[in-house]
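**Q** sequence first, then the predicted structure:
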Protein chains: 2
Amino acid sequence: MNNENTLLDFEIDAGGKGLGALPARQRAGEIAQLGWQLLAEDLSLPVAVLSQRRIEHNLAWMKAFINRYRVQLAPHGKTTMSPQLFRKQLDHGAWGITLATAPQAQAAYNHGVRRMLMANQLVGRGNMAIIARLQHDPEFTFYGIVDSAENIAQLGRHFLEADQTLKVLVELGVNGGRTGARDEAQEAALLAEIARWPSLQLCGIELYEGVLKDEADIRAFLRRAVARCAAWAAEGRFAAGPVLLSGAGSAWFDIVAEEFCNADIGRPLEVILRPGCYLTHDVGIYKAAETRIQANNPVARDMNRALLPALQLWAYVTSLPEPGLAIIGLGKRDAAFDAGLPVPALHHRPGNAAPTPAPEGWALTAMMDQHAFMAVPIDHGLKVGDMIAFDISHPCLTFDKWRQLPILDDDYRVVELVQTCF
Amino acid sequence: MNNENTLLDFEIDAGGKGLGALPARQRAGEIAQLGWQLLAEDLSLPVAVLSQRRIEHNLAWMKAFINRYRVQLAPHGKTTMSPQLFRKQLDHGAWGITLATAPQAQAAYNHGVRRMLMANQLVGRGNMAIIARLQHDPEFTFYGIVDSAENIAQLGRHFLEADQTLKVLVELGVNGGRTGARDEAQEAALLAEIARWPSLQLCGIELYEGVLKDEADIRAFLRRAVARCAAWAAEGRFAAGPVLLSGAGSAWFDIVAEEFCNADIGRPLEVILRPGCYLTHDVGIYKAAETRIQANNPVARDMNRALLPALQLWAYVTSLPEPGLAIIGLGKRDAAFDAGLPVPALHHRPGNAAPTPAPEGWALTAMMDQHAFMAVPIDHGLKVGDMIAFDISHPCLTFDKWRQLPILDDDYRVVELVQTCF
């Protein structure tokens, strides 16, 4: 086992949810040897599971997509915060990993990631200290973003005192949006402050177009970023080396690829896309986004098959207390509930050969911390102890409910276990 | 260090959020020696912190409350899932800990809890196997709840084959509520099925009154439980030993104490209350509940001081991109957002002597995964890098966002670190 595999193996938390009664201390690398099978009830439900085949499909899909556009991929790691999944993304051509916070960057570093973009402002002494410490490793490359002269001065001072250089991208934003410089006056103030600090290197421009909802607005925003990038290149604002131009959440990455892939700023440019949710996809917000992508994007259409939902939750029917109501052992502790409740997908009765599709009439109506309410027809035929698989909307807020997730093959056998570092 | 302290000490996860740049490998038991102070930015924000003084106040408050009513306390552990906090609750007179799932029971057991009530149905082979394994320890006492003949038969068979006995309470419920037997016909079916299985022992009655919103309805429900308890005692339905009668979430525990404390069922009765949120309290749903308790409950009124909110989130102002808007580095990944957004409580500028109260005009208006939007007046005076403390509503869904939480003294020094086992 080489060093990186050692970093990615871990001792299974025997007290963790979703696993069965583990035999003694066990390492994740040995989990396939247990022969656990979901339908045979070897796991403790509720459990969040990943489909090996679908994850591999999505990895290959995105690799083909970025290759066609000749752009780079730094998938947003905040979605899964799973080092084992980061490794799969890097093995499928990712340039690096995007993170949201200094502790996330540290967790990724601790598990072997060596090039990363932090797509949020690095604020506060404790957070700067974490990044400064990681930068002691000459193999480590980190890019932060800035949108405030105040913060730039704080960073400049901190990294000057640490006798280090911090690479930064200026974040552009839009009125009514989230972070990022709104106009050229704000941009000029940022550039002037960056220029004051020898400890800071301006390496590019970053934006998050996902705060906008309209394609025309998004294209205008992206073109503004390309124009600023070209202008700043002409003005000699950037440090040596390729300039980075980065955008793209999980909903609009096709538009960002289209707009950025042919940008000419008169010097070498690396376009970095940051979608995170493609890996597991969903049947909610990202399914909706992908329907648009499949309809409009020629490369995606050409690749034929779409992204596949690869993350499901399995839970038991725990009570059938009155007609038309099934209580499910699945709660806000287990699944995202902010962008649509989980959707019943499969029904399995232990002992049967295979699951069957969940009837149309089943639907979650409410969730509590540890329970879900499922409306069912009077003649539902369910029994307490039946298993239900749910598709989800919003993978990010589902992943963070789980510290360990089994990966299943098509026979529902546990072939791998990944951890999360939230 | 005795065995239990060893179980409760742990190696700090240096990649975990909320902590600063940790010096080498460090155990939680040594954290006070680091001399970390929140206001000096030794921690990485966002961070969830507990107030040592307020936690101790709340522990003492609840101990006095249950002593006055001569009832037992099995605080719902699902709120915090923190073994170190369980220990404090047990040290303050708790009879045991309530858990929601088999993995939660296992995590509590692994950290030294030896008497517990699982206030949900134990469903599925994987979950039953976890409890059966814990029951190999003769020091371990477990009570489950049942509301379905199907589930009773599954449990009866599983524990018969395991050559074990499972102690169960019948759960009573109400129409339109969640789990639990709705009427005497359902109850009779449960009693008949339990009687068929020598592997099951009926030890009492359980309910969760929190599904009702009206005090009169709640009192009627509680009286029904006392009446059924007396009837089943008279009919000899219960196993030998004291009968357990358990109710009470965090909103109505005073009413449950009043109704249950003088119940006479003609044989020894243990009343077990299960509030979980009293430990940290909040400024939202449980603050509202407590206002009623303080107004109506003579014992609470007599104890004078109320429960105190003991859990806060600290986060940085990360961007001030346009007038009237501050972006905060705090997201759905960090705080409950289902029962009101976090409420700005304190403002601190690093370098100043102490925090000041947050002005009335500051309010969160939206949260994303890793960001919050705070509306502020135009002349807010904030700077990027300022620290804001937020009070919260719904501790359960805040705790589960954190794997490690510092406990602070009144000088904002880290005096302890607790872990969570979600």
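**A** Sure thing, it's come through. The structure presented is a predicted model; accordingly, all values stated were derived computationally and were not measured.
**Q** ok, the residue nearest to A:N297 when sequence neighbours are not counted - contacts?
**A** The spatially closest residue to A:N297, leaving aside those adjacent along the chain, is A:D254, at 4.1 Å (Cβ to Cβ, 6 or more residues apart in numbering or on different chains). C-beta here means a position set from N, CA and C on the backbone, and glycine is covered the same way. Taking Cβ atoms under 8 Å, 6 or more residues apart in numbering or on different chains, we find A:D254 in contact with A:F65, A:I293, A:N296, A:N297, A:V299, A:A300.
**Q** how much space separates A:G173 from chain B?
**A** A:G173 sits 6 Å away from chain B, going by Cβ to the nearest Cβ, to the nearest Å.
**Q** what's the nearest residue to that residue if we skip its chain neighbours?
**A** Distance criterion Cβ to Cβ, 6+ apart; nearest residue to A:G173, sequence neighbours excluded, is A:G180 at 2.2 Å.
**Q** give me the number of residues near the one you found?
**A** Neighbour count for A:G180, taken as other Cβ atoms under 10 Å in any protein chain shown: 26.
**Q** show me the contacts for A:N58.
**A** Taking Cβ under 8 Å, 6+ apart, we find A:N58 in contact with A:Y278, A:L279, A:T280, A:H281, A:L307, A:L308, A:A310.
**Q** give me the phi and psi for it.
**A** Here is the backbone geometry of A:N58 (degrees, to the nearest 10): phi -70, psi -40.
**Q** how near is it to chain B?
**A** 20 Å.
**Q** which bits of the stretch 151-300 of chain A sit near chain B?
**A** Counting by Cβ under 8 Å from any Cβ of the partner chain, the stretch 151-300 of chain A comes close to chain B at A:N151, A:Q154, A:G173, A:N175, A:G176, A:G177, A:R178, A:T179, A:G180, A:A181, A:R182, A:Q186.
**Q** closest to B:A335 out of the contacts of A:N58?
**A** A:T280 (23.8 Å; Cβ to Cβ).
**Q** quick one: residues contacting that closest one.
**A** So A:T280 contacts A:L50, A:R54, A:I55, A:N58, A:T79, A:T80, A:P309, A:A310, A:L311, A:P395, A:F399 (Cβ under 8 Å, 6+ apart).
**Q** if you set the cut-off to 6 Å instead, what comes out?
**A** A:A310, A:L311, A:P395 (Cβ atoms under 6 Å, 6 or more residues apart in numbering or on different chains).
**Q** surely the first one touches A:S51?
**A** Yes. The pair A:A310 and A:S51 qualifies as a contact (Cβ atoms under 6 Å) at a distance of 4.7 Å.
**Q** quick one, which of the two is more surrounded?
**A** Taking neighbours as other Cβ under 10 Å, A:A310 and A:S51 compare with A:A310 leading, 23 against 20.
**Q** okay, stretch A:15-34 in PDB with CA atoms only?
**A** Written as PDB, here are the backbone C-alpha positions of stretch A:15-34 (Å, rounded to 0.1, in the frame of the first residue of the first chain):
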ATOM      1  CA  GLY A  15     -20.300   3.700  16.200                       C
ATOM      2  CA  GLY A  16     -21.200   5.400  13.000                       C
ATOM      3  CA  LYS A  17     -24.700   5.300  11.400                       C
ATOM      4  CA  GLY A  18     -25.500   3.400   8.300                       C
ATOM      5  CA  LEU A  19     -23.200   0.400   9.100                       C
ATOM      6  CA  GLY A  20     -24.200  -2.900  10.600                       C
ATOM      7  CA  ALA A  21     -22.800  -4.700  13.600                       C
ATOM      8  CA  LEU A  22     -19.100  -4.600  12.700                       C
ATOM      9  CA  PRO A  23     -16.800  -7.400  13.600                       C
ATOM     10  CA  ALA A  24     -14.100  -5.900  15.800                       C
ATOM     11  CA  ARG A  25     -11.900  -3.100  14.500                       C
ATOM     12  CA  GLN A  26     -12.000  -2.900  10.800                       C
ATOM     13  CA  ARG A  27     -10.400  -0.800   8.200                       C
ATOM     14  CA  ALA A  28     -12.300   0.700   5.300                       C
ATOM     15  CA  GLY A  29     -10.000  -1.000   2.800                       C
ATOM     16  CA  GLU A  30     -11.200  -4.300   4.000                       C
ATOM     17  CA  ILE A  31     -15.000  -3.700   3.900                       C
ATOM     18  CA  ALA A  32     -15.600  -5.600   0.700                       C
ATOM     19  CA  GLN A  33     -14.400  -8.700   2.400                       C
ATOM     20  CA  LEU A  34     -17.400  -8.500   4.800                       C
END
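**Q** so what touches it?
**A** Contacts of stretch A:15-34 (Cβ under 6 Å, 6+ apart): A:9-12, A:14, A:42-44, A:47, A:403-404, A:414-415, A:417, B:103, B:106-107, B:110, B:126, B:129-130, B:133, B:421.
**Q** need the residues of the stretch 301-422 of chain A near chain B, please.
**A** A:316, A:318-319, A:321-322, A:327, A:333, A:369-370, A:383-385, A:396, A:400, A:421 (Cβ under 6 Å from any Cβ of the partner chain).
**Q** what two of these have the greatest distance between them?
**A** Counting by Cβ to Cβ, the most remote pair of these is A:E322 and A:C421, 42.0 Å apart.
**Q** have a look at the two and say which one is more surrounded.
**A** A count of neighbours by other Cβ under 10 Å puts A:C421 above the other of A:E322 and A:C421, at 22 against 16.
**Q** buried subset of the residues of the stretch 301-422 of chain A next to chain B?
**A** Among those, those classed as buried by neighbour count (16 or more other Cβ atoms under 10 Å in any protein chain shown) are A:316, A:318-319, A:321-322, A:327, A:333, A:369-370, A:384-385, A:396, A:400, A:421.
**Q** closest to A:R114 out of the residues you listed?
**A** Among these, A:C421 lies closest to A:R114 (Cβ to Cβ), at 16.1 Å.
**Q** so what's the closest one up against?
**A** The neighbours of A:C421, taking Cβ under 6 Å, 6+ apart as the test, are A:M81, A:A107, B:G15.
**Q** in which helix or strand does the last one reside?
**A** Remark: B:G15 resides in no helix or strand, with elements defined by DSSP states H and E.
**Q** any idea how far it is from B:L22?
**A** Noted for B:G15: a distance of 9 Å to B:L22, by Cβ to Cβ, to the nearest Å.
**Q** cool, the second one as well?
**A** Between A:A107 and B:L22 the computed distance is 12 Å (Cβ to Cβ).
**Q** more crowded one of those two?
**A** Legend: neighbour count by other Cβ under 10 Å for A:A107 and B:L22, higher for A:A107 (25 against 18).
**Q** pLDDT of the strand or helix carrying that one, averaged?
**A** Assessed by DSSP H and E, A:A107 sits inside helix A:102-110. In this model, helix A:102-110 has a mean pLDDT of 96.
**Q** so which bits of that helix are buried?
**A** For helix A:102-110, the neighbour count (16+ other Cβ under 10 Å) marks A:A102, A:P103, A:Q104, A:A105, A:Q106, A:A107, A:A108, A:Y109 as buried.
**Q** quick one: name whatever helix or strand follows it.
**A** Per DSSP H and E, the first helix or strand lying C-terminal to helix A:102-110 is strand A:115-121.
**Q** could you say what helices and strands that following strand packs with?
**A** Counting contacts by 3 or more Cβ pairs under 6 Å, 6 or more residues apart in numbering or on different chains; DSSP states H and E, strand A:115-121 packs against strand A:97-99, strand A:141-146.
**Q** try it again with 8 Å
**A** Where contact means 3 or more Cβ pairs under 8 Å, 6 or more residues apart in numbering or on different chains; DSSP states H and E, strand A:115-121 is packed against strand A:97-99, helix A:102-110, strand A:141-146, strand A:243-247, strand B:311-322.
**Q** how about residues contacting the second one?
**A** Judged by Cβ under 8 Å, 6+ apart, the contacts made with helix A:102-110 from elsewhere in the structure are A:7, A:77-78, A:81, A:83, A:86, A:97, A:99, A:116, A:118, A:122, A:126-128, A:130-131, A:134, A:137, A:140, A:142, A:421, B:14-19, B:44.
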